[in-house]
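Asks: only geometry, no sequence info:
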């Protein structure tokens, strides 16, 4: 994989700089995490509280006359001296026009929503908006036709996405989308209709607008006819142990996602963002409480079991942690961020609150430009809140990232 | 009765006088604009050099597409910003960041606080955004016999709320401007360098001396300015995700 990427980058360097806009970037960071030993999902007796890993990332971005390539290559070094590498062609697409219609074919990242922390209108690709380190999405193979006027647009799109199930089986999902945009006075209006073989029909509406010179408002909502969620079937019975993996991907019907928020920017350079959102594909409080109680019961069992039974139950407790593998763990979320736009230094501090269970996530970041296109950054996150809130039960109590990023144009 | 007639005559006199003064200002500003932007549909290739303590700190390249009805599109061409675009439609603003596919609506204040030079390079006219008076018809500025105008912004979203503008008495070529924020604070002083572009006398460079960050100076070099017919759809915020822009 490394050699293929090297060949690709070499060809890029040789062939395109004269014709194209080409950027090559490099990012390095160290991730340090502090284990959450008080989590009820913790089954290890490890004494080392901290773990570390390093990531090197190279990316190349090329644009020429509507033709676009974007590729990333990562090498991760873990604490136990393991090395993992991965190369991804994130995007390869061509934008072109025929008469008054505009077309796109190829593999492209799709991002449509309004807002910051959660974007219900992103019906095909849901980016985890709250990761501490930005991650590049991998695009979706698609064909689209668009018609633009001065202030409106209509798009038709057919996508062919690969879905990877919870049990790692792969399947193709064919999707069709109609997307509308209109700028009406001061209002950006968005509408999305979506049909997928796997997820059925969805319909979304959204807007963003600016009031005065400092305040931006946005909201969006989607109706989804089908959605999937991982559920431990033991939470729906009186059992505490299953002979097979009890966490299954279940299909549900009819739900509404919504976000409402604002950003307020002051002349001093400070910006306040506030958002509230409801993610129906996340867990209800009762679903989370049932999982939490099941895990507590399984933990109580551990001490009274034989070694073999203890190992099996421990694995099931570890498996329960898959409830945390999604952008929003609980459905209702409140978010606020305070950031400062400086000349060379951009810090922020944000708080995420899950009011149903009293969970709190504190995040902070500082970026400093030491030279043009070379940035140092430090990001940190701390999970806190009520003792048995979901965020207090994650495998990590705290995360710290330290690194730098550099980019060059050829 | 006499008082009413006198009052009416005076009212008509002042109304006419103000009207003449307003026309005067608009036509003077249009002439000054002509040295910075000739034509209504343009592609301007611009290099911006930021100096800190007289040492080059940052160099950026921009392609600026300008169209009538106060529409402009700034395409970023430098490392760290490649693929970034800022769209300005009248007093509304959008940004698309590198390696993203989603235009974001931003407030006038966010535009002001962002890359400061973007506001300076994307707006090349005073006549559409400002109104004011001639406060001195005979003043020497930078060794040039000048007139001094005091201009106030008539629109929201302009980078500067008030401008003291010095124009050459002879041909209204811009000499200097003092640029004030809404708070009344002097933000920058700008100086305009005369040269020849497309066989005509033009502003070929603008030197911005920062009065808030006093060790900073920005030199904006207008590398080329060509007429370019750009369809209306290129100024549609949703079109920002597309990459088939003309060079």
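Replies: Everything's here; your move. Keep in mind it's a predicted model, so treat the numbers as computed, not measured.

Asks: need the contact list for the closest residue to residue B:236 other than its chain neighbours.
Replies: Distances taken as Cβ to Cβ, 6 or more residues apart in numbering or on different chains place residue A:148 nearest to residue B:236, at 5.0 Å, with adjacent residues excluded. For the C-beta atoms, the positions are set from N, CA and C on the backbone; glycine is no exception. Under the criterion of Cβ atoms under 8 Å, 6 or more residues apart in numbering or on different chains, the contact list for residue A:148 reads A:102, B:233, B:236, B:238-239.

Asks: Show me what residue A:148 is bridged to.
Replies: In this entry, residue A:148 is beta-bridged to residue A:153, by DSSP bridges.

Asks: pLDDT value on it, please?
Replies: On pLDDT, residue A:148 comes in at 97.

Asks: Could you do the one 5 residues further on as well?
Replies: We note a pLDDT of 97 for residue A:153 in this prediction.

Asks: Number of residues surrounding it?
Replies: Neighbourhood size, residue A:153 [other Cβ atoms under 10 Å in any protein chain shown]: 20.

Asks: Would you agree it is in contact with residue A:178?
Replies: No: look at residue A:153 against residue A:178 with Cβ atoms under 8 Å: they stay out of range, at 11.4 Å.

Asks: Can you report phi and psi for residue B:129?
Replies: phi -110, psi -20 (degrees, to the nearest 10).

Asks: name the element the closest residue to residue B:204 other than its chain neighbours belongs to?
Replies: Excluding its sequence neighbours, the residue lying closest to residue B:204 (Cβ to Cβ, 6+ apart) is residue B:195, at 3.4 Å. Using DSSP states H and E, residue B:195 sits in strand B:186-197.

Asks: circling back: for the residue nearest to residue B:204, give me its contacts.
Replies: So residue B:195 contacts B:201-205 (Cβ under 8 Å, 6+ apart).

Asks: Could I get the full set of helices for the stretch 151-300 of chain A?
Replies: A:285-302 (DSSP state H, counting those that start in this stretch).

Asks: before we move on, back to that, sheet partners, orientation included, of the strand holding residue B:195?
Replies: strand B:174-180 (antiparallel), strand B:200-210 (antiparallel).

Asks: quick one: secondary structure of the one residue sitting closest to the centre of chain A?
Replies: Residue closest to the average C-alpha location in chain A (Cα atoms, centre = their mean): residue A:128, at 1.3 Å. Recorded secondary structure, residue A:128: coil (DSSP: H, G, I helix; E, B strand; the rest coil).

Asks: Look up phi and psi at it.
Replies: According to degrees, to the nearest 10, residue A:128 has phi -80, psi 100.

Asks: what separates the closest residue to it other than its chain neighbours from residue A:253, distance-wise?
Replies: Nearest-residue entry for residue A:128: residue A:327, 4.2 Å, with adjacent residues in sequence omitted and distances by Cβ to Cβ, 6+ apart. For residue A:327, the distance to residue A:253 equals 21 Å [Cβ to Cβ, to the nearest Å].

Asks: between these two, which one's more packed in?
Replies: The neighbour comparison of residue A:327 against residue A:253 (other Cβ under 10 Å) goes to residue A:327, with 16 against 9.

Asks: ok, so of the contacts of residue A:148, who is nearest residue A:293?
Replies: Nearest to residue A:293 among the contacts of residue A:148 is residue B:238, at 47.9 Å by Cβ to Cβ.

Asks: Find the helix or strand that residue A:316 is a member of.
Replies: helix A:307-320.

Asks: Flag the shaky bits of the chain, pLDDT-wise.
Replies: With no chain named, the answer covers chain A. Applying pLDDT under 70 to chain A flags the ranges A:1-19, A:45-48, A:166-167.

Asks: ah, no, chain B please
Replies: B:1-23, B:114-117, B:247.

Asks: quick one: the helices in it?
Replies: B:2-34, B:108-113, B:116-122 (DSSP state H).

Asks: Just name whatever secondary elements the last one is in contact with.
Replies: The elements that helix B:116-122 packs onto, with contact taken as 3 or more Cβ pairs under 8 Å, 6 or more residues apart in numbering or on different chains; DSSP states H and E, are strand B:42-52, strand B:55-67, strand B:71-76, strand B:85-89, helix B:108-113, strand B:200-210, strand B:216-227.

Asks: Go ahead and measure how far the longest one is from the middle of the chain.
Replies: Computed by Cα atoms, centre = their mean, to the nearest Å, the chain-centroid distance of strand B:55-67 equals 14 Å.

Asks: contact partners of that strand?
Replies: A:372, B:37, B:40-51, B:72-78, B:81, B:115, B:117-118, B:121-122, B:124, B:228, B:230, B:232, B:234-235, B:245, B:247.

Asks: quick check: angle from that strand to strand B:85-89?
Replies: Put simply, strand B:55-67 runs at 50 degrees to strand B:85-89, going by axes from the mean of the first three to the mean of the last three Cα atoms, to 10 degrees.

Asks: Can you tell me the strand partners of strand B:55-67 and which way each runs?
Replies: strand B:42-52 (antiparallel), strand B:71-76 (antiparallel).

Asks: what sits up against the longest one?
Replies: With Cβ under 8 Å, 6+ apart as the contact definition, strand B:42-52 has outside contacts at B:37, B:56-66, B:117, B:121, B:124, B:215-228, B:230, B:246.

Asks: Could you check the strand holding residue B:195 and say which residues are buried?
Replies: B:187-192, B:197 (16 or more other Cβ atoms under 10 Å in any protein chain shown).
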